[in-house]
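Novice: pasting the sequence and the predicted model now:
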There are 4 protein chains.
Amino acid sequence: MTASRLLTLQEVSSHNTPTDAWIVVNGKVYDVTEFMLEHPGGAEAILQYAGKDASKAYNEVHALSIIETQLQERLIGNVCETPEQNKPNEPHLEQTKKLILEDSKPPLATIINTYDFEEVASKTVSKKTWAFYSSAATDLITRDLNKASYDRIFFRPRVLRNVTKVDTQTTMLGQKMSLPLFVAPAAMAKMIHPEGEKALARGVTNQGIIQCVSNNASFPLGEIISSAPQNHPFFFQLYVNKDRKKSEKLMKDITALDGIKAIFVTVDAPAAGKREADEKVAADESLTTPMGGSKARNDRKGGGLGRTMGQYVDPSLTWNDIPWLRSITSLPIGLKGIQTAADAKIAMEYGIDAIMLSNHGGRSLDTSPPAIFILLELHKTYPEVFTAMEIYIDGGIRRGTDILKALCLGAKAVGLGRPFLYALNYGHEGVEHLVEILRDELETSMRMVGITNLAQAHPGLVNTLGVDHLIPGGEGHQYAKQRPVAKL
Amino acid sequence: MTASRLLTLQEVSSHNTPTDAWIVVNGKVYDVTEFMLEHPGGAEAILQYAGKDASKAYNEVHALSIIETQLQERLIGNVCETPEQNKPNEPHLEQTKKLILEDSKPPLATIINTYDFEEVASKTVSKKTWAFYSSAATDLITRDLNKASYDRIFFRPRVLRNVTKVDTQTTMLGQKMSLPLFVAPAAMAKMIHPEGEKALARGVTNQGIIQCVSNNASFPLGEIISSAPQNHPFFFQLYVNKDRKKSEKLMKDITALDGIKAIFVTVDAPAAGKREADEKVAADESLTTPMGGSKARNDRKGGGLGRTMGQYVDPSLTWNDIPWLRSITSLPIGLKGIQTAADAKIAMEYGIDAIMLSNHGGRSLDTSPPAIFILLELHKTYPEVFTAMEIYIDGGIRRGTDILKALCLGAKAVGLGRPFLYALNYGHEGVEHLVEILRDELETSMRMVGITNLAQAHPGLVNTLGVDHLIPGGEGHQYAKQRPVAKL
Amino acid sequence: MTASRLLTLQEVSSHNTPTDAWIVVNGKVYDVTEFMLEHPGGAEAILQYAGKDASKAYNEVHALSIIETQLQERLIGNVCETPEQNKPNEPHLEQTKKLILEDSKPPLATIINTYDFEEVASKTVSKKTWAFYSSAATDLITRDLNKASYDRIFFRPRVLRNVTKVDTQTTMLGQKMSLPLFVAPAAMAKMIHPEGEKALARGVTNQGIIQCVSNNASFPLGEIISSAPQNHPFFFQLYVNKDRKKSEKLMKDITALDGIKAIFVTVDAPAAGKREADEKVAADESLTTPMGGSKARNDRKGGGLGRTMGQYVDPSLTWNDIPWLRSITSLPIGLKGIQTAADAKIAMEYGIDAIMLSNHGGRSLDTSPPAIFILLELHKTYPEVFTAMEIYIDGGIRRGTDILKALCLGAKAVGLGRPFLYALNYGHEGVEHLVEILRDELETSMRMVGITNLAQAHPGLVNTLGVDHLIPGGEGHQYAKQRPVAKL
Amino acid sequence: MTASRLLTLQEVSSHNTPTDAWIVVNGKVYDVTEFMLEHPGGAEAILQYAGKDASKAYNEVHALSIIETQLQERLIGNVCETPEQNKPNEPHLEQTKKLILEDSKPPLATIINTYDFEEVASKTVSKKTWAFYSSAATDLITRDLNKASYDRIFFRPRVLRNVTKVDTQTTMLGQKMSLPLFVAPAAMAKMIHPEGEKALARGVTNQGIIQCVSNNASFPLGEIISSAPQNHPFFFQLYVNKDRKKSEKLMKDITALDGIKAIFVTVDAPAAGKREADEKVAADESLTTPMGGSKARNDRKGGGLGRTMGQYVDPSLTWNDIPWLRSITSLPIGLKGIQTAADAKIAMEYGIDAIMLSNHGGRSLDTSPPAIFILLELHKTYPEVFTAMEIYIDGGIRRGTDILKALCLGAKAVGLGRPFLYALNYGHEGVEHLVEILRDELETSMRMVGITNLAQAHPGLVNTLGVDHLIPGGEGHQYAKQRPVAKL
């Protein structure tokens, strides 16, 4: 069916029942009666717009192309007027209110570090976006300690080395990068910029680094990858679905996309973390993630977007499922969210290709340890892991000095999450600017400690005594003999 | 005598002497001339109302049933007008003034953690209630460290376990509970809600957990127990009375009540703690505890309700009295307030059934150690205690993560005191809501560390290095050889 | 000469030259022409009042009796009018201005701890008095750590002891005291109350404790002692004078006074500490200490009263002078201001009778260690000192818990300085009230840890692990071999 | 050409092109067409003033004598009117605005410590000056820890020593000093006082201490030295120039100047530190350092004066260049900026004469360790270095107590940077006053710990346990085996 027909909004408005539902999206009218039932976010999310214009709600999370692809056969026609709620930039709900009146962003050139981006975001994005991005589990102890733990590590700078030229190149799983830096997977980038993950992709590929795309991205994976130059490598973060068939289908689609070079299975979020700031701001119930397929909702626990988004995640995933994972993809497999040296060793024993030490930005379990502690625990207990797998780390990295510390202690590359989202507030230019800042800080730090390439980074260049007393010395510590970990 | 007679308040007002004293309570006139002398709170507490309406003062702490039972033979008649001071919600004294003008509570659904309950209470309850509940000994170091010490313990979360179903059931002294959680004994619950301990009972029994009723409860024990479904277990906190006969009588009465399943003898308050906030707000001298029988008063040390309430407590109680305690009850006996590993060991040697590690919420002795330190001290010095007795713990527990940490370190169950009082501000619904919140937080924490039932909790799941340097390694430490503890 | 003559102020005003100087003090006219030259505070201090009424300046620091004794032969007569500046309570100089307008003290009964006294003093005494009393050396690190170090020591409370009766009696050098508490020597008590050290004496003797009178007291020693019941013991703090003859004379006078039972030689102030708050408020140049004989002055370093008061102190005093000290008094000799275990040991070898571990309230050298650290150092290195001498301690003690901690760790008694001065703001009643508060706090603390007399205090009742890592393990520590201490 | 000709400003204004450029400086007109091309700060810095009066911009950084020497042959004549922008004290740009309105300095006599000087400077100097002086690398962790680390070191004061006379004299590389104190090299002193380094020289030489002149001083070295009495020793801080010939020329000139007694080669700044406060205030683009030859500029990273000033520094300098350094000067050579014990040992092996432990005031690399940590590391690992070379230290020293601690731990002398700049706000009198304050504090501290000359300072007088846990025990620590340091 082609869209030759012109309709008024009034005409559309009578098709507002479960058995006869039309909606308007971006000036086009679709019959969604059947589609509702297959909608990943549930029929309700659509039904509430039956007979109405759903453009604004749709555009906040979905890419234009999705509806055009999926519903082209259900196109009824075009509306002959632009509905009021379709106007761009029109705040329509409490959760889109700016945090303060001053919502004009300062010029990008005045931003000189990650904190500047964060401060601007805190003042200019919607309440819900700020709550969703900045929140973390309960008392925020882990979130804040993530950064503070780097601040308690000293450098041991060596002098009188020729540091004229500094080379920051490295690889992750064989993929070349201009910096030991990747975009940690973070959901729903469209909440801060209309181009979302696509702008992120454009920004980081221009700078030669890798993006690990979230399973809960706002855009279809193919679109995100298409935003980058051909052959630029991406990684994909997988949440295994309770319906394993869906994960299998997803893996098949991904393998078909040439850009994805590795899969990172999230293992630190078998349940939803309790992010209280996120719960306390009402959710916009029209939001749905295209890939994850969860729908925002408000319930008796609050309006937590993160919580409702994680509904489809399979909490039954175990080490026993590694063979199944191998069977559904030929890509290298990493585990994201390893939080003990013991589990790192198990991952090694299972032949995992890489691990990402992470506590999910402090969003999963409060008082889980900073990932840098796990890196130190590995040195103390299972140093063999460093040669068996590549080890990445995220959480609390805000400075070039933080990057260099993690690398000195054996990380192959580091991920940043929130800083990239806050930079995206300025579109892809913001993202590029952020990478430039970090590149400059890293190069300066390398020169200051007296090294010229990343292979020269080693533990002797840092003094970790400020945190060493907190690192357990084996599987357990003085009172705690770790019980044996059954492989089954 | 039946209440056929109608009297005016003016008529009552002439009966206002020690030898001819009438009072009005809830519209009924009683002759209290003789009763005054037997009043647990002393004659004075009644005499000040002789010839007057005492309803408001009475209702704040006594259950209706008490006076009807005890004074039914002294009923003179009914008053024919409602006295002004009997109006509900009428503030009549400085100490009932709200802390701030905003005294309307936010809807219960917006409360998502224990701190929300606390904040609402701080703004909406009377000055005296807030002072009495929130205060602790002198500089509040122990009170605040109780919570902070949990925050310095890290988890060591294990990943890739099947955590689909989580079971939080456990037992205390054989009694089944849906959660490893009990209501720590806290005095005078009626100060925050008219239904006091009865509403508490209703709330927690609906949720399947156990209440340890305070010796200083606002209601008679029988009434509290009757608020719960039959056969629901309760515990009772005993302060041994200077007049031991009274304690013997109390034990006999309690044994007669089918609901009480264990007695917890308080051992951490042989004297009154100095709670300065409580002292600085004038006491309402009409308050009397029905069970403890102490009367609030103002003296040269201040208006401390906690201090005057503890007057009857016997400071001469020693280990030698354990046989006597056994002789007056056949119920299991626990000790509440153990604060050293050495005393835990003695308790074990005396065949005590359970111990509650507690510093009385920091209310007894400032700079006494957080109870979690004692749990760690036991691991270091007398691990055999863990298998000999059940060990409970309270103080500073505000999160599901705190509960799980205590359990990993060997506690069988944990108690919360103030949080239940603050939740009671919303009646039994508040209490139930609090338990739901904690249940949800505990389940989430269990999933995040990778366990599915409480038997799987073990020390290897926590990293206590942040506090281990503060745990003494034996009976004494480097300079301190602990003197032998004579059993006499 | 008797005072039969009546003079006008105008008549007096012409006698205002170095060779003909009269002054008016409390309505009496004296010829001070010759006396000026012998004045301990220097001629200038008097000359500035030549021809004028000096009553206010005089009364702030001198006792009435001094001038009547010393100048009775130079009495010219009486003035026939009361000069304006003689009115009591009349502020006359910038430095007597109250810190805030609210200068009415709250009723004594509302004061329930040492901090209440301090807060009232901070708001109601003159700027100069507050600066002089509250100030300490440079950055106040030691002053504040004095208290904080007690807060980092935990109790290890023992339960189920019979604590019905608690006995707080002890002795210092054989003198009986109702509490293990003495008034540490503090200069110029008259600055906060007109009765100064006399009111202090009255207050503490009523309570059965001992006052160590400062060498820089505002009143003559005899007067202070006369304020107490006969035979009540006092101690005396000696600053050895550069003019050793003066110290010899002073010792002779003191031996003649029956009340003094021991001499404490100050050894921690061979130079003036830099107390910046004191320097920043202009000195009242009319102030002179009667015993020390120093005169307040303003110079290029500021208006520091403490600094100018210490001018006469002999910085050449060494261990070699101990025999000389023994030769000039038969009283027991203590050393006040021992700050290392090494010096404690030397004191023992010299046969000193007692030592007072002290850093002068943090007023001498900033970042000198809290005295409680030295007590711990002694346990670690020279425990034999505890049996050889009595050891006292001051600095930072503000609570009964602090007293008990010091006693558990081996101190025989503790001194408080500033708290007694702040209590003196309320005269001797304030002083008595302070002692009552501390007695009550100490008794409560003893009961709570399970002891009934001070002989039962022992190191096993405290957990000092919170500060043990700061205690050096011998004369030096890992990098520092202490050089041998030559006895000469 | 002599200046016989009189010109109007209007006449000058037409000579404003690259091929015909005149400027006015202090009433004289110069043809700078050719000179521009040789200008160390670049032609642009001059061209912007072509046809205009450049006096103000010139005077802020250049000494009068420079232009008279270099351009005397290009003098055209005198202007016949005083141009408006030449008026002294006229603020002309945003960056010269005072931080607050109150810009009148309190009298010098009221300044009693280094912090007073700092506070006055913060309120009275231009925004750019404050930003340039006070800023440090990124998060200021090292800058602030520099001071805080001294505060965590305790004294162990010894009593009863004869401290009547105290001698603070010492030497640096054989040069006598009245105090163990030198002026650490700090750039651009003219920004806070028109006499800049010359006033500094006058102040410190009057006080008998040594100034280490910055390579980036505002005045020619000869002029600075001439400000001091003949034969007074100076040191010179060298940044080796990318154009090594320039450094060779500089060394030749310096050797010709009799006053310079040693060269300190800066090794801790091979790249520009990221000083964000400095970057955030726009640079005055007319500023040029006479010796370093860098020109202030604003670019996409900000307006950092420190960054642009360091452009000429050679990052290729290595240990291999030591022979070359020896070949271009016969003066003793020190290294400024040693930050590990390992590099101190290498310096010793290369026969370096002295090292200055420094982290550049926290301005180079954030989280580099406080220099006092390196002093402690040397005790632990290479104590032989103390006897092989003189060791100096700077960073965070603000008190006489800090000086004494550094000396007890083996430093021969200490440097202060920012405090001297802030004191210079009051001209040479301020500088002298600062030295007097520090002399008085040092003498007091020496008396209080019981020593009378600096040879008596030793590690046993300090307790460093508060920081010892942060000192690495060898080239690496538990996880980190330091890789061998190749000499090439």
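Specialist: Yep, that arrived. Residues are numbered from 1 along each chain as shown, chains lettered A, B, ... in the order given.

Novice: now whatever residue of the stretch 201-350 of chain A ends up closest to chain C. Nearest residue, chain neighbours left out?
Specialist: Proximity of the stretch 201-350 of chain A to chain C (CB to the nearest CB) peaks at A:Ala341, 26.7 Å away. From N, CA and C alone the C-beta is placed, and that goes for glycine too. Counting by CB to CB, 6 or more residues apart in numbering or on different chains, A:Glu377 is the residue found nearest to A:Ala341 once chain neighbours are left out, at 4.2 Å.

Novice: what about chain A, any weak spots by pLDDT?
Specialist: Flagging of chain A using pLDDT under 70 yields the residue ranges A:1-4, A:40-42, A:44, A:60-66, A:68-69, A:81-103, A:292-293, A:474-488.

Novice: and whichever helix in it runs longest, which residues are buried?
Specialist: Scanning chain A for the helix with the most residues, using DSSP state H, yields helix A:427-449. Buried residues in helix A:427-449, counted by 16 or more other CB atoms under 10 Å in any protein chain shown: A:427-428, A:430-435, A:437-449.

Novice: now A:Phe235: which helix or strand?
Specialist: Per DSSP states H and E, A:Phe235 falls inside strand A:234-238.

Novice: got a list of what the residue of chain A at minimum distance from chain C touches?
Specialist: Closest residue of chain A to chain C, CB to the nearest CB: A:His469 (10.4 Å). By CB atoms under 8 Å, 6 or more residues apart in numbering or on different chains, the contact list for A:His469 reads B:Leu465, B:His469, D:His469.

Novice: look up phi and psi at A:Asn453.
Specialist: Here is the backbone geometry of A:Asn453 (degrees, to the nearest 10): phi -150, psi 170.

Novice: beta partners for it?
Specialist: A:Asp167 (DSSP bridges).

Novice: if we can go back for a sec, parallel or antiparallel, list what pairs with the strand holding A:Phe235.
Specialist: Going by DSSP bridges, the partners of strand A:234-238 are strand A:210-213 (parallel), strand A:260-266 (parallel).

Novice: tell me which of these is the most buried.
Specialist: strand A:210-213 (a mean of 27; mean count of other CB atoms under 10 Å in any protein chain shown).

Novice: and the next helix or strand past that one?
Specialist: helix A:221-226.

Novice: and that next one, what does it pack against?
Specialist: Identification of packing neighbours for helix A:221-226 by 3 or more CB pairs under 8 Å, 6 or more residues apart in numbering or on different chains; DSSP states H and E yields helix A:196-206, strand A:210-213, strand A:234-238.

Novice: and the contacts of the next helix-or-strand element following the last one?
Specialist: Looking back up the chat, that one is strand A:234-238. Next along the chain after strand A:234-238, taking DSSP H and E as the criterion, comes helix A:244-256. By CB under 8 Å, 6+ apart, the residues outside helix A:244-256 that reach it are A:221, A:236, A:238, A:240-241, A:260, A:263, A:291, A:312, A:314, A:324, A:328-331.

Novice: what do you get if the cut-off is 7 Å, keeping everything else the same?
Specialist: Contacts to helix A:244-256, defined as CB atoms under 7 Å, 6 or more residues apart in numbering or on different chains, come from residues A:Leu221, A:Phe236, A:Leu238, A:Val240, A:Asn241, A:Ile260, A:Ile328, A:Thr329, A:Ser330, A:Leu331.

Novice: give me the neighbour count for the first one.
Specialist: Residue crowding around A:Leu221 was assessed by other CB atoms under 10 Å in any protein chain shown; the count is 22.

Novice: OK, contacts around it?
Specialist: A:Val213, A:Ile254, A:Leu257, A:Met291.
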